[in-house]
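J.: With the sequence up front, the predicted model follows.
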Amino acid sequence: MFDGLTRLVAEGGYPAIVGLMFAENIFPPIPSELIMPLAGYVAAQGHLDPYVAVLAGVLGSILGALPWYYAGLWLGRERVCALAARYGRWLTVDEKDVGRAIDWFERHGSLAVLIGRCVPAIRTLISVPAGIARMPLGLFLLYSTIGTILWTSALLVAGFMLGSRYAV
């Protein structure tokens, strides 16, 4: 799997990173903790520009957060929790996970989006309560982008450091 994903990132380049990070937000079992370090690893091998790779990761991640934001906005808390209870196992989340994300957002407000985009279990889910709370889209995008830049940069740097020390 490692070799296949590494080859996909190396051969697919920035569009592959955008697509994988988008998918990571839509289907939580695909972890950014694997995608962005691989992008860093490939960048260390000289196949990608690390700055553009971060931008590609951020773009894919933000695009993937928007459907969840709109789901929260259009469905509301009760329907989102009901759907999570019924179908959440397919997305590896349940009603408790969604409820915790909503409660955390209510306690911390907009800052929850910024911090939440840096926390693996919360990254995808934090978009839903932002939508439920009708957080202004511009503010949501600003905080999501800042948090996502921090997260993807840290992961890419870790992979870059590994790739620059790895003997092929």
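T.: Arrived safely, thanks for sending.
J.: What strand or helix carries the nearest residue to P15 once chain neighbours are set aside?
T.: Once flanking residues are discounted, P15 sits nearest to A56: 7.6 Å by Cβ to Cβ, 6 or more residues apart in numbering. All C-beta atoms are positioned from the backbone trio N, CA, C, and that covers glycine. Take DSSP states H and E as the rule and A56 turns out to sit in helix 50-87.
J.: average pLDDT across that helix?
T.: Helix 50-87 shows a mean pLDDT of 91.
J.: Return the list of helices and strands in contact with that helix.
T.: Applying 3 or more Cβ pairs under 8 Å, 6 or more residues apart in numbering; DSSP states H and E, one finds that helix 50-87 contacts helix 2-26, helix 32-44, helix 95-108, helix 127-132, helix 137-165.
J.: The residue nearest to P15 reaches M21, doesn't it?
T.: Yes - if you go by Cβ atoms under 8 Å, A56 and M21 touch, sitting 7.4 Å apart.
J.: Endpoints of stretch 114-122, how far apart?
T.: Terminal residues of stretch 114-122 lie 11 Å apart, using Cα to Cα, to the nearest Å.
J.: Residue numbering should commence at 23 henceforth.
T.: Okay, using 23 as the starting number, the last item reads as stretch 136-144.
J.: Could I get the buried residue list for it?
T.: Buried positions in stretch 136-144, judged by neighbour count with 16 or more other Cβ atoms under 10 Å: 136-140, 144.
J.: just stretch 88-103 next, same as before
T.: Going by neighbour count (16+ other Cβ under 10 Å), the buried part of stretch 88-103 is 88, 90-91, 93-95, 97, 99, 102-103.
J.: From the rest of the structure, what touches it?
T.: Applying Cβ atoms under 8 Å, 6 or more residues apart in numbering, the set of residues contacting stretch 88-103 from outside is 47-48, 105, 117, 120-121, 124, 146-147, 149-156, 159, 162.
J.: Could the C-alpha coordinates of that stretch be exported in PDB?
T.: Extracted in PDB, the C-alpha atoms of stretch 88-103 (Å, rounded to 0.1, in the frame of the first residue of the first chain):
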ATOM      1  CA  LEU A  88     -17.400  22.300   2.200                       C
ATOM      2  CA  PRO A  89     -19.800  19.400   1.600                       C
ATOM      3  CA  TRP A  90     -19.800  18.700   5.400                       C
ATOM      4  CA  TYR A  91     -20.300  22.400   6.200                       C
ATOM      5  CA  TYR A  92     -23.300  22.500   3.800                       C
ATOM      6  CA  ALA A  93     -24.700  19.300   5.200                       C
ATOM      7  CA  GLY A  94     -24.700  20.800   8.700                       C
ATOM      8  CA  LEU A  95     -26.200  24.000   7.300                       C
ATOM      9  CA  TRP A  96     -29.000  22.400   5.400                       C
ATOM     10  CA  LEU A  97     -29.800  19.400   7.700                       C
ATOM     11  CA  GLY A  98     -29.500  20.800  11.200                       C
ATOM     12  CA  ARG A  99     -28.400  19.100  14.400                       C
ATOM     13  CA  GLU A 100     -31.300  16.600  14.800                       C
ATOM     14  CA  ARG A 101     -31.200  15.200  11.200                       C
ATOM     15  CA  VAL A 102     -27.300  15.100  11.200                       C
ATOM     16  CA  CYS A 103     -27.300  13.100  14.500                       C
END
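J.: Alright, I will stop here.
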